[in-house]
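Undergrad: Prediction below, plus the sequence it came from.
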Amino acid sequence: MSTEQLTGPDATPDAPSPARPAGGEPGGRRAPRHGSQQARRAGAFYVFAGPWVLGFLGLTVFPLGYALWLSFTNSDGLSPNARFVGLANYREVFADPDTLASFARTGLFAAITVPLTIVAGLVLAVLLNQPIRARGLFRTLLYLPAVVPPVGAALTFKLIFDRDSGSANGVLDLLGVNGLTWLGDPYARYVLIMLTVWGCGNVMIISLAGLQDIPGELLDAARVDGASQWQSFTRIVLPLLSPVLFFQVVTQLIMTLQTFVPLLISLDPSPKGVSAVPDSNYLIMIDVFSQFFANGRYGYASALLWVLFLFIMLVTLLVFRLSKGAVFYSVDPEQAKPKTRTIGDN
Amino acid sequence: MPVSARGPLDRRRFLAASAGVALATAALPGCAASVDSGSGSGGGGKTLTVMTLVDEWDAKTKRSIEKMLDVTLRIITYDVTKLNAMLASKNPPDVVRGIGATDAPYFAARGLMTDLDPYFAKSEVLKVSDLASANDVWRFDGEKQGTGPRYGLAKDYSQDSMFWYRTDMFEEAGLELPSDTEPLSMDEWLDLGERLTRRRLGKVKVYGLNATGMGVFSQLMWMTASAGGSVFADDMASVDFSSPEALKAIQWYARYAKADIGPSLLNPNPDGWDGPTYQASRMAMSCSGFWFGGVIAAEPKLTEVSRFAPAPQLGGHRVSPCFGGTGFWMPKDAQNKEAAWKLFEWYFAGQPAKDRAAAGWGLPSLDSLRASMPKENAFQKQAYAVQEQEAAYFSVLPVSPYAQTDALNGVLSKVLPDAIRSGTKPGKIADALNSRMNEQLARGKELVG
């Protein structure tokens, strides 16, 4: 093994390398080249990071700050007499029964759909990890719903579940059962849950990648030791897959709390369309959209968005806290330091 | 690899500079215009920006507009959120598509629209004396809609409480056809709707009646007016649904929705409008104005079985309003108003106006074009005759400048479904509506001043 090291992220580049004495090459010619290399790398950093930083500041930090300022006013975006109202909008968020109901509905929706989506995706991933015929075809078919645009998916579901001309009631009709008003209260929430879970292909594909990363020799060893398939799954596969599942729980949770799909099902994503969203699907983002563009309450809607933002942060932190002990990393993420690789390791 | 903190552009300076550039860019008043999804198609020195439907004009028409007005035409697809952003940044389009009946008081009260009276005064093409009375939906006197300066023009309009019906379905049900001259009472209308409805296993196979073509709030306004009352107070700053007339209107709507004979807040129309359902022979009566004749005219079979009828009435005060009056208006901060007005003259009095009048997709906004309305076949002749008689009963039903109609419809969709399902008494429904709507109106009044 050579003693010359390739620098890892935790290495101290300014420290002299054992194989490269300080001072560089004789005659001091190496130092300027080292400096220009540094400058080039710094330039590359700015070139690559610059667009993102600009975008982040202009499209995230500035709107967030602007919304924060708006949330302390009664602005409707257009009228000349808007004024500072202090915390009145925030007080209203916690006093308005409609808003609280929207938050509760959104929380319930997330509590139902996130586990369902994760479990459905995982089950499909486990099935598609088996050596079955036409596995590639099944993987493609099951992943397809995840790449269907949300508007297309919503339109399809709307056609299927229309009370008077949809195929769902057509099937019930064949069975001699009375049709249901699927897109109205209270059934609309079930259609929304089905639509959300139907798109579990993303979870499936990530879980599948995680499954394929599990070393086969561990499972072989368990089999030799007499472990059943279920024991192998619960004692080996799930623990090793838990970081992947945890990542998906967090991202799904954040996405679900911000879902805007009910308005797409109403297929009129406009202020007018809000009135077609049934009460059971009136989630918090629908309320935000309605307050902004139907009611013209920019100040209150901005306060709602800030409360939602903080709520999502809080829930995410809570999930991270609760995950301790349930997620198994092969390396402790807080202590881990990448191994220093040396030439000849491979 | 660390980068020297002492260099000419260290990380902190880089981040600070980026923040400056990003914030300055985001804060630039004109940045809202960068959300433009349309395109200019070449032309003269000035740019005329029009926010309208993406397919309003084809490429050839755009080129001819540019040549005629000596401008570069930039079309921005209509989007209310984008419009609000552009108005707020004081960088609005020069011409905006809008619905006169609902948009005019809201935007005019906030000082966002250009008073068109001086332009009419000097125009050789557009004369106030030639304007159909429905154009009054674009007027606002500072307190009330229907009088005062004109802030826009309707490209065409309809009396939206009239209805179309299928004679074949009436005959099949053994029912007498509605009169061409005398309006039905709302109870008679509901009764016909119930008789024409066909059901199977909890599903409605044929809707007897869609009574809410232009939204429930408009419908309640119209019915209350027909009963001799008004939903809005005189100062337009509050509503009162507990008046006997408004209660009667709520009761009627609750009966209609509960009867399940057509789309309602309990079972919204999946298509959002009646065209596909009517064409598929799944609707016997559609509360749609003259414009719906354009849908019918496209299918010869439909023209044979479709007829037009006067607006039914809840009380003795015959009212047949317009809830649309879609057309164009000019924002106060528009940059190119002279060119915008030339576009108005061409669009509202030139060949496009003549073509629209002849097509039958609405009534012409100029009285002088009324003679061009289609009267070729029996269906068109009958519709024209009914429409001519109905014109006498047109009146503007003013909406409040203090809240958007979408917001008031939002309150109805929150309150009515549960109330109707649970059989809540109309008085209680009225109280809930008054409380929620008046809260919104009070907020709007405070902002408008």
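TA: Right, received. Where do you want to start? Given the structure is predicted, the values throughout are model-derived calculations rather than measurements. Numbering: from 1, shown residues only, chains lettered A, B, ... in the order given.
Undergrad: Show me what from the stretch 1-150 of chain A comes close to chain B.
TA: A:7, A:13-14, A:38-39, A:41-42, A:45-46, A:49-50, A:53-59, A:61-63, A:74, A:76-82, A:98 (C-beta under 8 Å from any C-beta of the partner chain). C-betas here are computed from N, CA, C, even on glycine.
Undergrad: Among these, which ones are in helices?
TA: Counted as lying in helices by DSSP state H, out of those, are A:38-39, A:41-42, A:45-46, A:49-50, A:53-56, A:62-63, A:98.
Undergrad: that older thread, now, of the residues of the stretch 1-150 of chain A next to chain B, which are buried?
TA: Among the residues of the stretch 1-150 of chain A next to chain B, those classed as buried by 16 or more other C-beta atoms under 10 Å in any protein chain shown are A:38, A:42, A:53-54, A:57-58, A:62, A:74, A:76-79, A:82.
Undergrad: now those as CSV including pLDDT?
TA: Formatted as CSV, these follow (pLDDT from 0 to 100):
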residue, pLDDT
A:Gln38, 86
A:Ala42, 87
A:Val53, 91
A:Leu54, 92
A:Leu57, 91
A:Gly58, 91
A:Phe62, 92
A:Asn74, 93
A:Asp76, 89
A:Gly77, 85
A:Leu78, 87
A:Ser79, 85
A:Ala82, 87
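Undergrad: from those, which two are the most distant?
TA: For those, the farthest-apart pair by C-beta to C-beta is A:Gln38 and A:Ser79; their separation is 55.3 Å.
Undergrad: Tell me the residues of the stretch 151-300 of chain A that contact chain B?
TA: Counting by C-beta under 8 Å from any C-beta, the stretch 151-300 of chain A sits next to chain B at A:158-159, A:162-165, A:169, A:172-173, A:176-181, A:183-185, A:266-268, A:270-272, A:274-279, A:290, A:292-297.
Undergrad: Buried among the residues you listed? Need that as a selection in PyMOL.
TA: To isolate the buried members of these in PyMOL, using 16+ other C-beta under 10 Å:
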select buried, chain A and resi 158+162+163+164+165+169+172+173+179+180+181+183+184+185+266+268+270+271+272+274+275+276+277+278+279+290+292+293+294+295+296+297
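Undergrad: Of the residues of the stretch 151-300 of chain A next to chain B, which belong to helices?
TA: The helices, defined by DSSP H, take in A:158-159, A:169, A:172-173, A:271-272, A:274 from these.
Undergrad: low-confidence ranges in chain B?
TA: Low-confidence segments of chain B, defined by pLDDT under 70: B:1-45.
Undergrad: domain parsing for it?
TA: Chain B is divided into the following domains under automatic domain parsing: B:33-158+B:323-373, B:163-320+B:402-448.
Undergrad: Would you check that B:Met113 makes contact with B:Gly152?
TA: Yes. With contacts counted by C-beta atoms under 8 Å, B:Met113 reaches B:Gly152, the gap being 7.1 Å.
Undergrad: okay, and the common contacts of these two?
TA: B:104, B:329-330 (C-beta atoms under 8 Å, 6 or more residues apart in numbering or on different chains).
Undergrad: Most neighbours out of these, which is it?
TA: B:Ala104 (28 neighbours; other C-beta atoms under 10 Å in any protein chain shown).
Undergrad: Next, the contact list for it, please.
TA: By C-beta under 8 Å, 6+ apart, the neighbours of B:Ala104 are B:98, B:113, B:137-140, B:145, B:151-152, B:329.
Undergrad: and it, that's in a strand?
TA: No. Applying DSSP: H, G, I helix; E, B strand; the rest coil, one finds B:Ala104 to be helix, outside a strand.
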